[in-house]
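> Sequence unavailable; structure follows:
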């Protein structure tokens, strides 16, 4: 089945620095990818929709200048948390769907990235 | 997007069948019903998907009544490793850009 891979799986950074998280579709092309954030004991919250070759669409309340999304190819989307602060510490998860294959109605999720800002 | 309502938590014992019902009263014609499982510090994992009636795979069954306003995920003979959060999602999966919104999920605890 289709696989979505995230890197890194966990990262610790200092307050004020930026962190980039990569999301790759390994065996299919994804024109659209989705980024979620999840705090402990809570559900996944959609942050933004990443569109290949165009600007991302952000959900209400998500700062686009703080969470930079780049979807430069059909297999890679990146989320950069800029000027990270401790309150940005969270579990970030990406998702993609292979809309051209037999599994087009299934969304695949990456393994997540645990970000800790100290 | 159709909103979903699930029980917050359920406890069960090894070997029992667990049934989780999800309400989605405003489900649209093109919407699929999909269930995901999530373990701590991992991304959600697809369990099963259906549009109507009953769907069964190697890990679960999904029961959908004719009006599609609810669905029930059935996990047969659960084991300790089935302890996880289960999410019911409803959405038009045919559209490439259609986003999936997660509800609260059901935290299932399987006890020995």
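Yes, it's here. As the structure is a prediction and not an experimental result, all values here were calculated from the model.

> Not counting its own residues, what contacts stretch B:38-54?
Applying Cβ atoms under 8 Å, 6 or more residues apart in numbering or on different chains, the external contacts of stretch B:38-54 come out as A:4, A:6, A:44, A:91, A:93, A:95, A:105-112, A:114, B:32-37, B:55, B:57, B:59-64, B:66, B:68, B:71, B:73, B:84-87, B:93, B:105. Placement of C-beta: from N, CA and C, glycine included.

> at 6 Å instead, please
Stretch B:38-54 is contacted by residues A:93, A:106, A:109-112, B:32-37, B:55, B:57, B:60, B:62-64, B:84-85 when judged by Cβ atoms under 6 Å, 6 or more residues apart in numbering or on different chains.

> any idea whether the most centrally placed residue in chain B is helix, strand or coil?
Nearest to the geometric centre of chain B sits residue B:35, at 3.2 Å (Cα atoms, centre = their mean). When classified by DSSP: H, G, I helix; E, B strand; the rest coil, residue B:35 comes out as strand.

> Quick one: residues contacting it.
For residue B:35, the contact set (Cβ under 6 Å, 6+ apart) comprises B:47, B:48, B:73, B:88.

> 8 Å - rerun?
Applying Cβ under 8 Å, 6+ apart, the residues near residue B:35 are B:22, B:46-49, B:60, B:62, B:71, B:73, B:86-89.

> One more: residue A:51?
A:31, A:32, A:57, A:71, B:97.

> Pipe these into TSV and attach neighbour count and pLDDT per row.
Output for these, formatted as TSV (neighbours: other Cβ atoms under 10 Å in any protein chain shown; pLDDT from 0 to 100):
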residue	neighbour count	pLDDT
A:31	17	84
A:32	21	87
A:57	16	93
A:71	23	90
B:97	12	68
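
> Reformat those as JSON lines; add secondary structure.
Supplementary listing: the contacts of residue A:51 in JSON lines, determined by three-state DSSP:
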{"residue": "A:31", "secondary structure": "coil"}
{"residue": "A:32", "secondary structure": "strand"}
{"residue": "A:57", "secondary structure": "strand"}
{"residue": "A:71", "secondary structure": "strand"}
{"residue": "B:97", "secondary structure": "coil"}
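
> For those, which two are the farthest from each other?
Pairwise distances across these (Cβ to Cβ) peak at 13.0 Å, for the pair A:31 and A:57.

> So which residues of the chain form strands?
The chain I'm using is chain A. With DSSP state E as the criterion, chain A has strands at A:4-7, A:10-13, A:19-25, A:32-38, A:45-51, A:57-58, A:67-73, A:76-81, A:90-97, A:107-109, A:113-117.

> Correction: the question concerned chain B.
Counting by DSSP E, the segments of chain B that form strands are B:9-13, B:18-23, B:32-38, B:45-50, B:53-56, B:61-64, B:70-75, B:84-91, B:106-111.

> So is the first one next to chain A?
This points to strand B:9-13. No. Judged by Cβ under 8 Å from any Cβ of the partner chain, strand B:9-13 makes no contact with chain A; its nearest approach is 11.1 Å.

> cool, and stretch B:25-33?
Yes. Stretch B:25-33 is in contact with chain A by Cβ under 8 Å from any Cβ, via residue B:32.

> got a list of contacts for that stretch?
Under Cβ under 8 Å, 6+ apart, the answer for stretch B:25-33 is A:105, B:2-3, B:22, B:24, B:49-51, B:62, B:64, B:68-69, B:71, B:88-94.

> got a list of contacts for stretch A:6-24?
For stretch A:6-24, the surrounding residues in contact (Cβ under 8 Å, 6+ apart) are A:4-5, A:33, A:35, A:75-86, A:92-94, A:96, A:110-118, B:43.
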